[in-house]
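Chemist: structure, please.
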Amino acid sequence: MTPSLADAAEKHLDDVYRYVLYLTRDPQAAEDLAAETFERAVRLWHRFDPARGSERTWLCQIARTAALDHLRSEERRRRREQRYAGMAEREAERLVEPVSPWLREALGALSAADREVIALRVILDLDASSAGRVLGITPTACTTRLSRALEKLERNARTARVA
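Modeler: Take a look at the predicted model:
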């Protein structure tokens, strides 16, 4: 007699979750993959044959397929992001006026917020009011942030030149 899917799901949900958690090492992904496994199982339950294996084994086969699909997809996404990041970096270098290596190093040592205020005020030549609007701060706060960022840049540049 073929058991019901509801009984199999109730009995083996934890096993499927632990299995995909082991494969992915990501609790959120494991929850999603366990749900996907049982979604696929609903569509494929009519094909389950208890003579060929247990419900648990059948569900783990489905979970394995779902996990491998997920891992392959994640790897493709990571490669795309790395490829795009490399293209974006080259494009940014092309758009930014050439700067000396020590200045590039000094800029790189600044926080993202400091680089952003310098880019808005110095590179794009926005006034304090416009740059403040972009940053979501007052013009006075923008001026103060720029002043502090430029002080840090000057210190970093002195250090970079010496090195």
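Chemist: how's this protein carved up into domains?
Modeler: Domain segmentation of the chain under automatic domain parsing yields 5-93, 96-162.
Chemist: model confidence over stretch 134-143, on average?
Modeler: Averaged across stretch 134-143, pLDDT comes to 93.
Chemist: quick one: buried residues of that stretch?
Modeler: By 16 or more other CB atoms under 10 Å, the buried positions in stretch 134-143 come out as 135, 137, 142, 143. For every residue, glycine as well, the C-beta is placed using N, CA and C.
Chemist: I'd like these as a markdown table, with distance to residue 69 and secondary structure appended.
Modeler: As requested, the buried residues of stretch 134-143 are arranged in a markdown table below (distance: CB to CB, whole Å; DSSP: H, G, I helix; E, B strand; the rest coil):
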| residue | distance to residue 69 | secondary structure |
| --- | --- | --- |
| 135 | 42 | helix |
| 137 | 45 | coil |
| 142 | 48 | helix |
| 143 | 53 | helix |
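Chemist: tell me how many other residues crowd the closest residue to residue 107 other than its chain neighbours.
Modeler: Excluding the flanking residues, the one nearest residue 107 by CB to CB, 6 or more residues apart in numbering is residue 115, at 6.2 Å. Using other CB atoms under 10 Å, the number of residues around residue 115 comes to 16.
Chemist: what pLDDT does residue 115 get?
Modeler: pLDDT, the model's per-residue confidence, is 86 for residue 115.
Chemist: that one reaches residue 104, doesn't it?
Modeler: No: checked against CB atoms under 8 Å, the pair residue 115 and residue 104 is beyond contact range at 11.4 Å.
Chemist: for the buried residues of stretch 134-143, which one is nearest residue 43?
Modeler: When the buried residues of stretch 134-143 are ranked by distance to residue 43 (CB to CB), residue 135 comes first, at 50.2 Å.
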